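> here are the coordinates; sequence isn't available:
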């Protein structure tokens, strides 16, 4: 069974963990099986980074799955989406929220995520939440790296372009930034296409398909 990104998808649906082949029968082979378009706002005060604000848009098919069996009648929809948002964000706690920030080479820890919200935008569900840093981090003369990925690459998580990462006014005036594409080889891509959804997950491939966002502050 998949035990990592299942906490996200299955947490949204508040269902018992089952093999993903039962949930996505049309995806018999190949990774990824779902897609998330990410947007990130990096918050700071005049001297310290304080939080990350996340907005994740799920693909239409995954969004449909998330709502299966849920009461989305007009009078119940808001309560249902609120319940699902709390469930998925809570389940991501042990997965570091699939978000990896480094101060130089030192990993940054977060407090528990807050303000989870789930809305429906057309045929897609959009999740938002705030990740406060465990302690504010001074950004002067620092280099930061940010990744967002599922370790198994069961779900592709990506920024569509650099404009999907916004900076506070203080960071924008004192830092330069770039978004680097992943450097996965053709051999690795062929390997992911060969993976069946009912085999043990490979926790080594997600980072290899992850974009890298770099922030250099003066």
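On my side now, so go ahead. Note that the structure is predicted; figures quoted are calculated from it, not measured.
> where do the helices of this structure begin and end?
With DSSP state H as the criterion, the chain has helices at 6-13, 20-23, 60-66, 77-91, 169-174, 186-194.
> could you find the closest non-adjacent residue to residue 134?
What sits nearest to residue 134 in space, not counting adjacent residues and going by C-beta to C-beta, 6 or more residues apart in numbering, is residue 109, at 4.2 Å. Quick note: C-beta positions are derived from backbone N, CA and C, even for glycine.
> how about that neighbour, phi and psi?
Main-chain torsions, residue 109, degrees, to the nearest 10: phi -100, psi 160.
> please report the distance of it from residue 206.
Per C-beta to C-beta, to the nearest Å, residue 109 is found 20 Å from residue 206.
> in the chain, which residue sits furthest out from the middle?
Of all residues in the chain, residue 75 has its C-alpha farthest from the mean position, at 29.5 Å, by C-alpha atoms, centre = their mean.
> contacts only, for it.
By C-beta atoms under 8 Å, 6 or more residues apart in numbering, no residues touch residue 75.
> quick check: beta-bridge partners of residue 213?
Counting by DSSP bridges, residue 213 forms beta bridges with residue 146, residue 179.
> more crowded one of residue 109 and residue 206?
residue 206 (26 against 10; other C-beta atoms under 10 Å).
> hang on, the more buried one packs against residue 156?
No: under the criterion of C-beta atoms under 8 Å, residue 206 makes no contact with residue 156, lying 9.3 Å away.
> name the residues contacting each of these two.
Residues touching both residue 206 and residue 156 (C-beta under 8 Å, 6+ apart) are residue 150.
> identify the single longest strand in the chain, thanks.
Taking DSSP state E as the criterion, the chain has its longest strand at strand 124-138.
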